[in-house]
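Chemist: Fold the following and give me the result.
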Amino acid sequence: MKSFSAVSFPAVRWLREGTEAVLALFFPGVCEVCGRALVRGERYLCTACLADFPFADDAFDGNRALAERFEGAERPPENLYTLFYYNRYGDYKNLIYSVKYYANRRLGFYLGRMLGERLLGKCTADCLVPVPLHPRRERERGFNQALEIARGINSVLGIEICDRAIIRIRNNDSQTGKTTAGRHENVHGIFALHQPWQVAGRHVLLVDDVITTGATVGSCMQVLAAAGEVRFSLACLARVI
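Modeler: Numbers count the residues shown, from 1 in each chain. Sure, this is the predicted structure:
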């Protein structure tokens with residue numbers, strides 16, 4: 001019912017999200033990282049966890065990360081923008097779990113805004129392309145987390161979202177637990193160009209939740225490049241180090 005109303009009845013979705021925002025104001029909930037009860041004025045993260053937030057330093061190691069993941073690529077990305085470092089043994093992984101597996105759509109938007117604020121004065125992309133989900137998986141989840149992140153970035157930078165340029169034509173297995181070679185094999189041929197005019201001749205900022213080996217975004221770039229004269233940069237909430 002949740003995904004049906006989100007797709008078929010936008011007014012119901014807006015009402016639900018507005019109600020959630022009001023409830024969050026008066027009943028802040030718990031910190032998504034440590035589980036401590038939030039106080040008035042805190043959203044999603046408590047003051048302590050926000051102060052200790054493991055922001056990524058792309059100026060320090062972004063070029064190395066690109067070289068490691070896209071060495072030999074025909075059209076490698078120009079920039080990599082990351083909100084935080086992902087450590088599967090750390091508590092901040094809970095942010096990704098909450099968005100991706102517990103349908104916390106508003107948290108995805110909030111973290112997208114945080115990422116957008118870090119891109120102010122740095123990002124020169126013309127459009128945002130969220131990595132698409134297969135329609136079946138999007139119906140199950142109720143939304144595409146990469147699109148929510150892109151909407152958060154858009155709310156800060158105002159960069160156009162082009163979410164129909166590429167579509168996912170195969171509902172592949174999860175990448176979790178696969179080797180690097182297995183990840184690349186798993187995403188081969190899962191995307192198709194849908195509306196190439198959205199990205200032709202433009203600088204695309206490809207948006208995803210987590211970048212591990214770069215296999216998924218690499219597969220996207222191969223398909224999008226066929227639109228012609230496309231430049232790429234990458235943005236993600238978390239990067240595995």
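
Chemist: hang on, isn't residue 85 packed against residue 237?
Modeler: No: contact between residue 85 and residue 237 fails when scored by CB atoms under 8 Å: they sit 10.7 Å apart. No exception for glycine: its C-beta is placed from N, CA and C like everyone else's.

Chemist: quick one: the strands in this structure?
Modeler: Taking DSSP state E, the strands of the chain run over residues 80-86, 127-130, 160-161, 166-168, 191-193, 203-211, 231-240.

Chemist: Compare those strands and give me the one nearest residue 39.
Modeler: strand 80-86 (22.9 Å; CB to CB).

Chemist: Only alpha carbons, please: show the closest one as PDB.
Modeler: Output of strand 80-86 as PDB, limited to C-alpha atoms (Å, rounded to 0.1, in the frame of the first residue of the first chain):
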ATOM      1  CA  LEU A  80      34.400  12.000  -6.900                       C
ATOM      2  CA  TYR A  81      32.300  13.600  -4.200                       C
ATOM      3  CA  THR A  82      31.600  11.600  -1.000                       C
ATOM      4  CA  LEU A  83      29.800  12.600   2.100                       C
ATOM      5  CA  PHE A  84      31.400  10.100   4.500                       C
ATOM      6  CA  TYR A  85      33.600   7.000   4.700                       C
ATOM      7  CA  TYR A  86      31.900   3.700   5.100                       C
END
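
Chemist: For that strand, the averaged confidence score.
Modeler: The average pLDDT for strand 80-86 rounds to 96.

Chemist: which strands and helices sit next to it?
Modeler: helix 58-70, helix 93-101, helix 105-119, strand 203-211, strand 231-240 (3 or more CB pairs under 8 Å, 6 or more residues apart in numbering; DSSP states H and E).
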